[in-house]
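*Asks:* Sequence and predicted structure below; questions after.
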Amino acid sequence: MLYEKFITGCLAAALLLGGCTKETAQKGTDPVTPDADDARREVMMTLRNKLSVKPVSSKAGTPIATAAENAISTLDVYVFGATQENGDYTFLERFAYRADANDKLPKGATELQLNTTGNDSNETAALLKLKKGLFVKLYCIANDTTLVDPAANKEIKPADFTPITFTEGEDGNPQLATEGSPQESTFTTWHTRLLTAAAKADTLTTPLAMAGALTTPIDLTSLDNSARLQVGFRLTRLAARFDIDNKAGDSRFTIETVSMGNARRGSGFFPIRIYGKLPDAESGDLITTPARAFAGDNANNGLCTGAFYAYPSPKDDKAFIILSGQYKVNETEMKKVAYQIPFTQQTADGNATWFDIANNHRYTIAITKADAYHLEANIQVADWADDGTIEYTPDNKPGEIVVTIPDAFKGDSKYDEETKTVNMSLVDGSSITLSTISNAAIDLTKIYAGGATAKLYDWLEIADPVTGIDPNGRIHYTYTATLKAGYKTGRYPRTTLRFHSLTDASENIVYIEALAAPKPIDTPQPPKAPNGTSDNPNSFDPELLEASVYRITGSRTLVKITCPDGVDMESKPDWLDVTQASQAGAETVFELALNNRDIEVAGNRGTIVFHNKKKTELKVNVTVTLLEAPVTPSYEAIGTDNTHTTSPNPETTPDDIEIAIKKDNTATVKANSMDGVSVKIDYTEGSPEWLIYEGAVATKAGMETAGTAPVLRAAPMNKQQDIVFKPV
């Protein structure tokens, strides 16, 4: 991904009318001889972010951006031109500034003079005189004079720039004769010199490279207009800054060097971007940087700012800071140690996730505890803004989510901005786009309601974001969410999209509901069974879309379904009666009642299909499982004078009890059942009715079939009935 964070302030065009000061005057080598004044147009350029054109002594206090970090030692402005506003831009000319007057300007460059202006000298101004006759764009690089062409792995030299040439037209005005080199599209692919692990001094130090561009074309096609122009764009640091807060007296750890593992070797300029392959780096993209001595104000005695700098890198690199030094074991012994600090943050579930290292951000590593083998530290992330007047206030948080519905689906899909909920059409090809703007890298997480089970119903496809950077350096993200092709399960769990900043974990959320598809929701069940006294054993699970009905007389369960257009029952099993119990707004409650307790049901399952009243093609299926409610007898209390034989096949042959005929003899059978039992005694024809009974109540644990595997379902109610038999 691309990252952009800006030094506060802006670059606007400025004009130096007087001579430059002694500090800014410099002698270049063979600057390009300007054309006649009437062939050029003045552009005023002003840098309003407290950038300094010469070394500045530190002021009292601790500014956010130090003087060294704001210093400009070199500044190169590359001008590209084209005859048409949307044409192919090629190199036109180059302006250059060098703080050291002994440094020679690049061959072919026009000397650029800088001067401090404004209140408290917090603005830096320069004069550009640009050739007329073309549309032009400006690309500006500070503190880095080395550009590398990745196509040829070649360091660019001044001779590699060939300016546009002009010829005199029939009207006497200059006209483009030959295009320049390189083309703008080639120039923007170039990157910084790559760091190497072998060179001990190959670490980033101040002054720090910065880049900015004015890509909105400036119209200089009018040869008659000589009015001075003002333009504006920003400079942004390519590097991230690392501050280290350590008090050796408390932590017992004295830091000597700092380096980084899995660091990216360079950065692009336009836009500022991660060097190398994404998201996974290739061999050669990453290095362990050479160790840099840990020094500076408050080093090992508090907060040391600017202890280390690095180019941006994505979270997949799993970069880490390496701190090496001495650990004080006791008053007489010091031990050489080295610790790795990963760039991770704790999530709500207790896991750790890696985060990106973004350019123009400050990462403060606060050491809290150390021992000879382990180091504890916190990492805080902040914007790297200048002190003083702030014209631009960065914000890490993702911006407002803008939902766009394509014209083809506007009649169906709807977005409620207040609830942040999209009701998405389920027509084939249905899609929406979600756009946001951020000053830091963001990521998108898709979460289905219903936990692990809901992952089986992955109905929404989210494409990789299309990104772009505006003139202010903010990253524009556009995601496309599409109904997954060929998805036919009929279940569309509620989807949560979390747009979160990889810098500070702030986030925005959008919910997506399948538009007008009937959606079962949590349904309170009647508290009592059909007998009006027992607890109701039946249930409905809206996540699994499963209802249970036990095989008891009058058994019933309720199913609540929400659908903006209303919902109807389309089909059902013959052994169930389905009626509408109530309706309120988008919610409809249906009662599912068993109409034949003794019916044989294949597989003990059936399906009810509900559909949208207006769009019958939008459906949801609810599976109904018929659970057995058998009577399970126990003969442990029949009495010592009586005997019993349990049938090996109770469905065809009853159990047998023999009761001794004697005074006051009884046989007690304990019956476990779902909702109580009744007793019927059949006598052989002609036999007297010699047996009487009395009773009270029992329980059940049944078997439910889920797919092909039997699953034991705990008894939702437990009744035990003692049936006492005795002869007359």
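*Replies:* Thanks, I have the structure now. Bear in mind the structure is a predicted one, so any value in this text is a computation, not a measurement. Numbers count the residues shown, from 1 in each chain.
*Asks:* Averaged pLDDT, the helix or strand containing Lys446. What do you get?
*Replies:* Using DSSP states H and E, Lys446 sits within strand 442-448. Over the span of strand 442-448, the pLDDT mean works out to 86.
*Asks:* again, but for stretch 610-618
*Replies:* Averaging pLDDT along stretch 610-618 gives 84.
*Asks:* Ok, stretch 512-524 next?
*Replies:* pLDDT averaged over stretch 512-524 gives 82.
*Asks:* Would you mark the buried spots in it?
*Replies:* Going by neighbour count (16 or more other Cβ atoms under 10 Å), the buried part of stretch 512-524 is 512-520, 523. Where you see a C-beta, it was placed from the backbone N, CA and C, and this is true even at glycine.
*Asks:* so how far does that stretch reach from one end to the other?
*Replies:* This stretch, stretch 512-524, spans 25 Å end to end (Cα to Cα, to the nearest Å).
*Asks:* Can you give me the buried ones in the helix or strand hosting His611?
*Replies:* In this structure, His611 sits in strand 605-612 according to DSSP H and E. When burial is assessed from 16+ other Cβ under 10 Å, strand 605-612 yields the following buried residues: 606, 608, 610-612.
*Asks:* could you dump that strand to CSV, C-alpha only?
*Replies:* Only the C-alpha atoms of strand 605-612 are listed here, as CSV (Å, rounded to 0.1, in the frame of the first residue of the first chain):
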residue,chain,number,x,y,z
ARG,A,605,-36.7,-33.5,8.8
GLY,A,606,-38.6,-31.1,6.6
THR,A,607,-38.0,-27.7,5.0
ILE,A,608,-40.2,-24.6,5.1
VAL,A,609,-39.5,-22.0,2.3
PHE,A,610,-40.3,-18.4,3.0
HIS,A,611,-40.1,-15.7,0.3
ASN,A,612,-40.2,-12.0,-0.1
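*Asks:* Skip ahead from that strand and say which helix or strand is next.
*Replies:* strand 619-627.
*Asks:* if I look at Ala514, how far off is Lys619?
*Replies:* Noted for Ala514: a distance of 11 Å to Lys619, by Cβ to Cβ, to the nearest Å.
*Asks:* how about the strands in the stretch 451-600 of the chain?
*Replies:* Applying DSSP state E, counting those that start in this stretch to the stretch 451-600 of the chain gives strands spanning 460-462, 466-469, 475-483, 495-501, 507-514, 519-521, 539-541, 546-550, 556-562, 567-571, 576-584, 587-594.
*Asks:* With the stretch 301-450 of the chain instead?
*Replies:* With DSSP E, counting those that start in this stretch, the ranges of strands along the stretch 301-450 of the chain come out as 301-310, 320-328, 334-342, 344-346, 352-354, 361-370, 375-383, 402-404, 414-416, 421-424, 431-438, 442-448.
*Asks:* what sits up against the third one?
*Replies:* If you take Cβ atoms under 8 Å, 6 or more residues apart in numbering as the criterion, strand 334-342 is touched by 253, 261, 318-329, 352, 354, 365, 370, 372-375, 377, 379.
*Asks:* quick one: Arg162 and Gly180 touch, right?
*Replies:* That one is not Arg; residue 162 is Thr. Yes: between Thr162 and Gly180 a contact is recorded at 5.4 Å, counting by Cβ atoms under 8 Å.
*Asks:* quick one: contacts for the closest residue to Asn300 other than its chain neighbours?
*Replies:* Closest residue to Asn300 apart from its sequence neighbours, by Cβ to Cβ, 6 or more residues apart in numbering: Ala248 at 4.3 Å. Neighbouring residues of Ala248 by Cβ under 8 Å, 6+ apart: 254-255, 300-301, 328.
*Asks:* Kindly tell me how buried Ser267 is, as a neighbour count.
*Replies:* Ser267: 27 surrounding residues under other Cβ atoms under 10 Å.
*Asks:* Save the strands of the stretch 451-600 of the chain as a markdown table, and put in distance to Ala68 too.
*Replies:* Converted to a markdown table, those look like this (distance: least, Cβ to Cβ, whole Å):
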| stretch | distance to Ala68 |
| --- | --- |
| strand 460-462 | 44 |
| strand 466-469 | 27 |
| strand 475-483 | 28 |
| strand 495-501 | 29 |
| strand 507-514 | 35 |
| strand 519-521 | 60 |
| strand 539-541 | 64 |
| strand 546-550 | 67 |
| strand 556-562 | 62 |
| strand 567-571 | 68 |
| strand 576-584 | 68 |
| strand 587-594 | 65 |
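*Asks:* Looking at those, which one is packed in the most?
*Replies:* Mean neighbours per residue, mean count of other Cβ atoms under 10 Å, is largest over the strands of the stretch 451-600 of the chain for strand 546-550, with a mean of 22.
*Asks:* For that one, which outside residues touch it?
*Replies:* 537-541, 555-557, 559, 576, 592, 594, 622-629, 674, 702, 704, 713.
*Asks:* Need the pLDDT of Gly284.
*Replies:* So, for Gly284, pLDDT stands at 86.
*Asks:* List the contacts of it.
*Replies:* Residues in contact with Gly284 (Cβ under 8 Å, 6+ apart) are 265, 276.
*Asks:* Helix or strand: which one has it?
*Replies:* Here Gly284 is assigned to no helix or strand, by DSSP H and E.
*Asks:* any idea how far Pro633 is from the closest residue to Val679 other than its chain neighbours?
*Replies:* Here the nearest residue to Val679 in space, its sequence neighbours aside, is Tyr693; by Cβ to Cβ, 6+ apart that works out to 5.5 Å. Tyr693 sits 13 Å away from Pro633 when distances are taken as Cβ to Cβ.
*Asks:* of those two, who's got more company?
*Replies:* Neighbour totals were compared for Tyr693 and Pro633, and Pro633 leads with 18 against 14 (other Cβ under 10 Å).
*Asks:* Could you verify that Phe725 is part of a strand?
*Replies:* Yes: checked against DSSP: H, G, I helix; E, B strand; the rest coil, Phe725 lies within a strand.
*Asks:* Perfect, I'm done here.
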